[in-house]
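S.K.: 3D, please:
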Amino acid sequence: MKIEYFLVLAVSFIAPFILSFSKKMDFYKYPIRLTAALTVPFVLFNLWDIIVTARGHWSFNPLYTVGFKIFGLPIEEILFFIIIPFCGLFTWESVKYFTRNSK
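M.R.: The predicted structure follows:
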């Protein structure tokens, strides 16, 4: 299935994205902090992927990607380094919020 990687990312992203706008958590009120936290892994890991993919150290199976590439990387791989750090940061902030407010 050519959209498998994209579907995994979409399913991972939907709930954290929607819940990030909860007025109780204020997650969306810190856009500079969020941008900084997402930019560093995005840049570093995509640069790493571009280099090692160009060198032939690893590749991406075209059976599982939509076929659109940027700098030789499938769009799904580029999105991975935005979506997964966002989900991780959202989970961290959620745990902090609920442990702080459960006392």
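S.K.: For Tyr5, which non-adjacent residue is closest in space?
M.R.: Excluding the flanking residues, the one nearest Tyr5 by CB to CB, 6 or more residues apart in numbering is Glu76, at 4.0 Å. Where you see a C-beta, it was placed from the backbone N, CA and C, and this is true even at glycine.
S.K.: what does Thr91 give?
M.R.: Distance criterion CB to CB, 6+ apart; nearest residue to Thr91, sequence neighbours excluded, is Pro16 at 7.2 Å.
S.K.: before we move on, the earlier item: wait, the residue nearest to Tyr5 touches Lys2, no?
M.R.: No. Applying CB atoms under 8 Å, one finds Glu76 not in contact with Lys2, separated by 10.3 Å.
S.K.: center of this structure - which residue?
M.R.: Centrality entry for the chain: nearest residue to the mean C-alpha point is Ile83, 1.7 Å, by CA atoms, centre = their mean.
S.K.: tell me which element that one falls in.
M.R.: Ile83 is part of helix 75-101, with elements assigned from DSSP states H and E.
S.K.: what about that helix, average pLDDT?
M.R.: Regarding helix 75-101, the rounded mean pLDDT is 92.
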